[in-house]
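*Asks:* attaching a predicted model along with its sequence, questions to come.
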Amino acid sequence: MIINTNNGSSMAARILGESTSALQKSLSRLSSGSKIASPSDDAAGTAVSMKMGAQVNRIQAAKDNIGNAISYSQTQDSFLEKIGNALDRMSELAMLAQDETKTDSDRSLYDKEFQKLDDFIVAIGNKDFNGISLFHSGSSLTVTIASDGSTMTLASSNVAGSSAFTALAAATTSLLSTASSASALTDIRSAINDLVGHRANVGANVSRLENESSALAVQKDNVAAARSRIYDVDVAEESANFARQQILVQSGTAMLAQANVLPQSALRLIG
């Protein structure tokens, strides 16, 4: 029987310390929802989860960029549709003005609406989206479509710089005579043909952007799921571990108390 060195107490104290540390770690995991309470728990997992977290954020940023580009393109298409409606009416007026049963005075009445529609088209050609020109850009718009910085270039829609629309906006275009009405109709038909190409470009842009956005959504979900398997705690599993460590701490505390009592048995021999 030994008094100076209580091996049982030392071992119980060591085990109790380990159980207490494990209990505290389990508690921090449950309270934070993170499997990695500190980098020392899983150094490699911490590094990988950080990279994946940053990638998820970049994917979301690229998705936001694409969403803005879609809004830009949809705004273009809406204005192009209005231009198309105006051209339809202008072509109708140009045809009516070529009626030989009408006088030049009648044609001047048609010309009033024609010129206002022409001004409307010119005004749309100068519209912008958050300060970015919709139809008068000198270069195509470049959009970031991936977390690695990859980009795509939108097909341009330079309506304001188109020769067909420039000719239509000329001051000489009018419906004041049958000859000028015929010339105006030629310009309108050319502008309509040009408009068809612009709407096709914009529609193709929107289709590509929507597909890229869908692909990014899938990628984001899967990268986030992979990161979750590394970083997020399984609450059910960790709750069971917490209960286990809690029991070990309680039993370890009780056994340490018993181990500290054992040397007192020596007093019986002395007494």
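*Replies:* Ah, there it is.
*Asks:* SS state for Asp148?
*Replies:* For Asp148, the assignment made with DSSP: H, G, I helix; E, B strand; the rest coil gives coil.
*Asks:* what helices or strands is the one helix or strand Asn193 maps to leaning on?
*Replies:* Assigned by DSSP states H and E, Asn193 belongs to helix 178-231. On a contact count with 3 or more CB pairs under 8 Å, 6 or more residues apart in numbering; DSSP states H and E, helix 178-231 meets helix 43-97, helix 104-125, helix 163-168. C-beta coordinates here come from the backbone N, C-alpha and C atoms, glycine included.
*Asks:* swap in 6 Å and give it another go.
*Replies:* Counting contacts by 3 or more CB pairs under 6 Å, 6 or more residues apart in numbering; DSSP states H and E, helix 178-231 packs against helix 43-97, helix 163-168.
*Asks:* okay, angle between the first one and helix 178-231 too, please.
*Replies:* It stands for helix 43-97. 170 degrees (axes from the mean of the first three to the mean of the last three CA atoms, to 10 degrees).
*Asks:* for helix 43-97, what is the distance to the chain centroid?
*Replies:* 11 Å (CA atoms, centre = their mean, to the nearest Å).
*Asks:* what do you get for stretch 174-188?
*Replies:* 48 Å.
*Asks:* again, but for stretch 219-226
*Replies:* On CA atoms, centre = their mean, the centre of stretch 219-226 falls 14 Å from that of its chain.
*Asks:* got it, and stretch 20-31?
*Replies:* 36 Å.
*Asks:* give the rounded mean pLDDT of the helix holding Asn193.
*Replies:* Across helix 178-231, pLDDT averages out at 91.
*Asks:* next, the angle helix 104-125 makes with it.
*Replies:* Using the same axes, to 10 degrees: helix 178-231 against helix 104-125 is 20 degrees.
*Asks:* gap between the nearest residue to Tyr72 once chain neighbours are set aside and Gln76?
*Replies:* Leaving aside its sequence neighbours, Tyr72 sits nearest to Phe129 (CB to CB, 6 or more residues apart in numbering; 5.0 Å). Going from Phe129 to Gln76 by CB to CB, to the nearest Å gives 8 Å.
*Asks:* between those two, who's got more neighbours?
*Replies:* Gln76 (25 against 17; other CB atoms under 10 Å).
*Asks:* ok, now which ones touch that one?
*Replies:* Leu134, Ser157, Val202 (CB atoms under 6 Å, 6 or more residues apart in numbering).
*Asks:* could you pull out the buried residues of whichever strand or helix holds Ile15?
*Replies:* Ile15 is part of helix 7-32, with elements assigned from DSSP H and E. Residues of helix 7-32 classed as buried by neighbour count (16 or more other CB atoms under 10 Å): 8-9, 12-13, 15-16, 19, 22-23, 25-26, 29-30.
*Asks:* before we move on, what about stretch 59-67?
*Replies:* Ile59, Ala62, Lys63, Asn65, Ile66.
*Asks:* equivalent analysis for stretch 39-53, please.
*Replies:* Asp42, Gly45, Thr46, Ser49, Met52.
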